[in-house]
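**Student:** pasting the structure only:
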Ligand code: NAP
Ligand code: GCO
């Protein structure tokens, strides 16, 4: 068995939504390192321009596109451009996402809808757009970026937890509906990762002490630290490669052990 070939992405094209920075950028870098051609999208031209420079600095010839994952029209156009530029999507990483931290009774239905729109309906729209091409190719990999909140709740993140819980079940349903066509749809459930999205939870206090939530997460994580985007690189290559062809509908938690641990005694 050629193990290098099993984990190789040579000849494959990957679309990483929201791949301008953070977790998406790290996953795209990993897939490029395994041989994939990289496409990414985001909404902001400045984020796209900065990302292209960052990819180039790492020797990655990524293609960047402006597209909002909540717009079926923009996503259809995005997939058409990638087919013309790079020959169609073999690997889709549904990474684009937002969070709003608002106590539920203070959250507007509009705020709730916006989070679900981006974090759940966006992945549906993107998966629906790439599956026809995968059916023609006879193979496909879809990786949905879930969360601890696909399993757990906490104060102020009701919309996010509802969306990420739904994304876990969308993952299982895509598996159920298209597994027979050699399309594997799995999730990655990152723990608490140091990115712009979690920066507010790690800000130093006025007295220079660590944020209480920062200390809480470290005490809840057996690894005793926040994750880095780089911690997700290996799991992403595994789920994007032939090494995971019999893995389907699975959420791979990359959380330093949080979900296994009751937490350190105070
Ligand atoms: P981030 O730093 O906030 O990056 C989010 C990315 O998504 C940005 O590139 C953003 O670019 C893009 N984006 C947002 N809305 C979009 C839309 N409607 N259409 C297209 N692109 C959009 O987030 P992150 O921490 O890297 O997280 C990435 C994913 O991992 C998210 O799904 C998040 O829920 C999930 N996650 C994060 C953690 C963590 O601890 N950080 C843990 C578990 C799961 P533009 O604003 O320019 O569009
Ligand atoms: C929060 C955090 C988390 C992380 C991640 C954990 O406010 O609790 O932002 O939601 O982003 O989803 O897996």
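**Tutor:** Cool, got the structure. The shown structure was predicted, so the numbers you read here are calculated from the model rather than taken from an experiment. Numbering: from 1, shown residues only. Ligands and ions are numbered 1, 2, ... in the order given.
**Student:** residue numbers of the protein in contact with ligand 1?
**Tutor:** 17-18, 20-24, 41-44, 47, 68-70, 95-98, 118, 122, 145, 147, 190, 192-193, 195-198 (CB under 6 Å from any ligand atom). Heads up, the C-betas are built off the backbone N, CA and C, glycines and all.
**Student:** buried among those residues? Make that a PyMOL selection.
**Tutor:** The buried residues among the residues of the chain next to ligand 1 can be selected in PyMOL (16 or more other CB atoms under 10 Å) with this line:
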select buried, resi 17+18+20+21+22+23+24+41+42+43+47+68+69+70+95+96+97+118+122+145+147+190+192+193+195+198
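**Student:** distance of residue 209 from ligand 1?
**Tutor:** 21 Å (CB to the nearest ligand atom, to the nearest Å).
**Student:** how close does residue 256 sit to residue 79?
**Tutor:** From residue 256 across to residue 79, the span is 35 Å (CB to CB, to the nearest Å).
**Student:** out of the residues of the chain next to ligand 1, which are close to ligand 2?
**Tutor:** Applying CB under 6 Å from any ligand atom to the residues of the chain next to ligand 1, those adjacent to ligand 2 are 147, 190, 192, 197, 198.
**Student:** skip the chain neighbours and tell me the closest residue to the last one.
**Tutor:** The reference is to residue 198. Among residues not flanking residue 198 along the chain, residue 192 sits closest, at 6.2 Å (CB to CB, 6 or more residues apart in numbering).
**Student:** which residues of the stretch 51-200 of the chain fall in strands?
**Tutor:** 63-66, 91-94, 140-145, 183-190 (DSSP state E, counting those that start in this stretch).
**Student:** just say which of these is most tucked in.
**Tutor:** Burial of these is given as mean neighbour count (mean count of other CB atoms under 10 Å); strand 91-94 ranks first at a mean of 29.
**Student:** what strands line up against it, and which way round?
**Tutor:** strand 13-17 (parallel), strand 140-145 (parallel) (DSSP bridges).
**Student:** would JSON lines of these with mean pLDDT be doable?
**Tutor:** Below are the strands paired with strand 91-94 laid out as JSON lines (pLDDT from 0 to 100):
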{"stretch": "strand 13-17", "mean pLDDT": "99"}
{"stretch": "strand 140-145", "mean pLDDT": "99"}
